[in-house]
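Colleague: Please work out how this folds:
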Amino acid sequence: MLNHSTIQAGSDMGGKGAFIVMEGLDGSGKTTQAKLLVANLKITRPAVYTAEPSQGQIGKFIRNRILYRATRPPTSVEALLFAADRIEHIQNDVQPALQKGAVVVSDRYLYSSLAYQGGAGLNFDWIRAVNSLALKPDLALFIDVEPETVLSRLKRKKSVMETLETQQRVREVYLKYVETCELTRIDGGKPKIVVADAVIATVRAFLAKRS
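Modeller: All right, here's what the predicted structure looks like:
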């Protein structure tokens, strides 16, 4: 079980590994960009792709019973489930990889809870509180694409959170954290290869500066 002494920024964990987070609206291309980043990093160092909801039992419950139900559950229930999954994700996937010296790239993390549940009206401080054991990322990127664009890209069944109004509110929250420098904005409206170049350059510059 995790305790407060183990929850640190990846850069503080014995000098091993780095924890990179990729955020964005559904359909923004963040999953593609996260995987392209990992593939590029693997050329020179160990790198691991992971995602939230995780592949753990709580993550599977979220995907199977929460995201695609007919109506959205209370946002507090969503936030608590994601927070619980996040702790399991850190313990089972993120920390073991960091301890081996890998760069871990997570497709969604804490900022998704702040954006999706906070954007729906849940208190931001409360969301932070229930995620107080969440590992602090070394670097968090936001792939920014207009809500109308991302929704037009989604050909699969849309989740309960994938409405235009929800996505507009979510983007507003993400941009707030760009302004406070917790997130680094990447223009996701450009061609995929251009976005990938920007992501890779940003991450490699960060890793080089840190080392």
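
Colleague: buried residues in the helix or strand of the chain with the lowest mean pLDDT?
Modeller: Lowest on mean pLDDT, DSSP states H and E among the helices and strands of the chain sits helix 147-153, with a mean of 86. For helix 147-153, a neighbour-count test (16 or more other Cβ atoms under 10 Å) marks 147, 150-151 as buried. No exception for glycine: its C-beta is placed from N, CA and C like everyone else's.

Colleague: Identify, from those residues, the entry nearest to residue 165.
Modeller: Among the buried residues of helix 147-153, residue 147 lies closest to residue 165 (Cβ to Cβ), at 8.8 Å.

Colleague: Give me the distance from the least confident helix or strand of the chain to the chain's centre.
Modeller: Here the centre of helix 147-153 is set off from its chain's centre by 19 Å, with Cα atoms, centre = their mean, to the nearest Å.

Colleague: All further residue positions should be reported with the first residue as 759.
Modeller: Sure, I'll start numbering at 759, so the last one becomes helix 905-911.

Colleague: circling back: nearest to residue 897 among the buried residues of helix 905-911?
Modeller: Nearest to residue 897 among those is residue 908, at 22.6 Å by Cβ to Cβ.

Colleague: What separation do you get for that closest one and residue 925?
Modeller: Using Cβ to Cβ, to the nearest Å, we find residue 908 at a distance of 7 Å from residue 925.

Colleague: And the strands in the chain?
Modeller: Assigned by DSSP state E, the chain shows strands spanning 776-782, 805-809, 861-865, 897-902, 942-945.

Colleague: So which of those strands is the most surrounded?
Modeller: strand 776-782 (a mean of 27; mean count of other Cβ atoms under 10 Å).

Colleague: which residue is nearest the centroid of the chain?
Modeller: The centre of the chain sits closest to residue 866, judged by Cα atoms, centre = their mean, with a distance of 1.9 Å.

Colleague: contacting residues for it?
Modeller: 779-781, 788, 809-810 (Cβ atoms under 8 Å, 6 or more residues apart in numbering).

Colleague: what about 10 Å?
Modeller: 779-782, 784, 788-789, 792, 808-812, 840, 844, 847, 873-874 (Cβ atoms under 10 Å, 6 or more residues apart in numbering).

Colleague: again with residue 869
Modeller: 779-782, 876, 895, 898-900, 928, 931-932, 935, 940-941.

Colleague: next one: residue 910
Modeller: Neighbour list for residue 910: 785, 904 [criterion: Cβ under 10 Å, 6+ apart].

Colleague: try residue 950
Modeller: Residues in contact with residue 950 (Cβ under 10 Å, 6+ apart) are 787, 790-791, 794.

Colleague: Report the two of those residues separated the most.
Modeller: 787 and 794 (9.5 Å).

Colleague: residues shared between the contacts of those two?
Modeller: Listed as contacting both residue 787 and residue 794 by Cβ under 10 Å, 6+ apart are 950, 953-954, 957.

Colleague: Tell me which entries of those residues lie within helices.
Modeller: 950, 953-954, 957 (DSSP state H).

Colleague: and these, which are buried?
Modeller: When these are checked for burial by 16+ other Cβ under 10 Å, the buried set is 953-954, 957.

Colleague: Columns pLDDT and distance to residue 817 on top of those residues, output as a markdown table?
Modeller: Below are those laid out as a markdown table (pLDDT from 0 to 100; distance: Cβ to Cβ, whole Å):
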| residue | pLDDT | distance to residue 817 |
| --- | --- | --- |
| 953 | 98 | 26 |
| 954 | 98 | 26 |
| 957 | 98 | 24 |
